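Asker: Would you be able to build a 3D model of this:
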Amino acid sequence: MTLLLMMVVGSAATTSAAVDPAGASSCAFEVAGRGCSLLSWDLAGLATHLRGAAALRLNDSWPEPYLIAPPCQTVDVSACPACKAVCTGGSTCGEGDGPVGVQLEPFKTNAGGADPKAPCSEGSRCYAIGGARPRAQPIDPADPELGLHLAYPGGDGARELHHWIYCDKNASATTIPTTLVTFDASLPGYNVNWTSAMGCPTVSKSNCSSAGIPKPTPEQLAWQQGEIMALIHFNMATFYGEGGCGPGNWLGKNGSSNPENFAPTNLDTDNWAISMKELGVKESVLTAKHGCGFCIWPTTAKLPDGSPYGYNVNPKLDVIGSYVESMQKAGIGAYYTSVRCNRCNPICWYPTDVCAC
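Answerer: Residues are numbered from 1 along each chain as shown. I've put the predicted structure just below:
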């Protein structure tokens, strides 16, 4: 199944309240599902019961406190002196403007063990997490109804915020995240998990028509119906194994450079065809000349000095001709291809000290 994501939400609201339902009125997302179905989520009502609250106060395992806004909303940092320089996207903060989340400094104790220093106090650390506009996708593309994943890029030091909103039709409307904030280096970012009925998408039909669905061409259909194709490599390496034309075995009378050593005596291309037929092969390709530069058909090609090319299978054999005939008898499509490597071709990997031509 292919999923096409379309986000129909505007930029995040920026209001004087940390959690303002009216400011989150546009928090809708649509994802194309199976066929012409559309999966849609409307998160505008998520955590609206937190009206006037300072934001979601969450911790991680260190512990470090976080202020996190629900999806499509921002955190009001005006009451937190440590965060007075923090705002969404790194721009100059306007009145009531703020990030979608902040990471605060843990409680500290001054010398003597008295007067704990609050995370929001002047001079404490405050990092913005996430930016203003989220990327949206299903939590699991193979099962879009599992829920929605919102990823807010940006933040100080590229700190992303990820809301994972899991579908639970029986969950209370006032459910908020209660688990620890976790960091995932593979995203990378900070995760906040929700379980809510608003994580369950509404499924509807779109207006797509069959005319708008791409269809394969006749040539593409024919290729797909071929299903199984065989690729055959038959060359000097067949006799010498891996690295059949390598420098280590190229020279000498018994080396792979000697055309007399490329002389099959029991060639049976009908047997190739029988094996392919039993496998269900409908098309096949044979390499007529592989990287070693040996031709598997009788050739009268000459080298630049006029001498015979000579690097081919036993001149009495026409492997390509036999192959084509066997494939035709078996009803298997037959094609052949030639690698652009000749013996001593400088674009190939043969060492220059073994190339005399």
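
Asker: For the closest residue to P134 other than its chain neighbours, what are phi and psi?
Answerer: Spatial nearest neighbour of P134, excluding adjacent residues (Cβ to Cβ, 6 or more residues apart in numbering): L150 at 4.2 Å. Glycine gets a C-beta too; all of them are placed from N, C-alpha and C. Main-chain torsions, L150, degrees, to the nearest 10: phi -110, psi 130.

Asker: Check G154 too.
Answerer: According to degrees, to the nearest 10, G154 has phi 90, psi -150.

Asker: Quick one: mean pLDDT over stretch 314-332.
Answerer: Over the span of stretch 314-332, the pLDDT mean works out to 89.

Asker: in that stretch, what counts as buried?
Answerer: N314, L317, V319, I320, S322, Y323, V324, S326, M327, A330, I332 (16 or more other Cβ atoms under 10 Å).

Asker: Where helices are concerned, which of those count?
Answerer: Judged by DSSP state H, the subset of the buried residues of stretch 314-332 located in helices is V319, I320, S322, Y323, V324, S326, M327, A330.

Asker: Now tabulate those in CSV and tack on distance to D42.
Answerer: Output for those, formatted as CSV (distance: Cβ to Cβ, whole Å):
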residue, distance to D42
V319, 67
I320, 65
S322, 68
Y323, 63
V324, 64
S326, 64
M327, 60
A330, 60
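
Asker: quick one: which of those is nearest S26?
Answerer: M327 (62.8 Å; Cβ to Cβ).

Asker: now the closest one, nearest residue through space, not along the chain?
Answerer: Nearest one to M327, counting by Cβ to Cβ, 6+ apart, is A334 at 3.7 Å.

Asker: can you count the residues close to the one you found?
Answerer: 17 (other Cβ atoms under 10 Å).

Asker: Run the chain-centre distance for the strand or helix carrying it.
Answerer: Per DSSP states H and E, A334 falls inside strand 333-338. Taking the mean of its C-alpha atoms, strand 333-338 sits 33 Å from the chain's own mean (Cα atoms, centre = their mean, to the nearest Å).

Asker: For the stretch 51-200 of the chain, which segments are assigned as strands?
Answerer: 56-59, 65-68, 101-104, 108-109, 116-117, 126-128, 135-138, 147-152, 161-167, 182-184, 189-196 (DSSP state E, counting those that start in this stretch).
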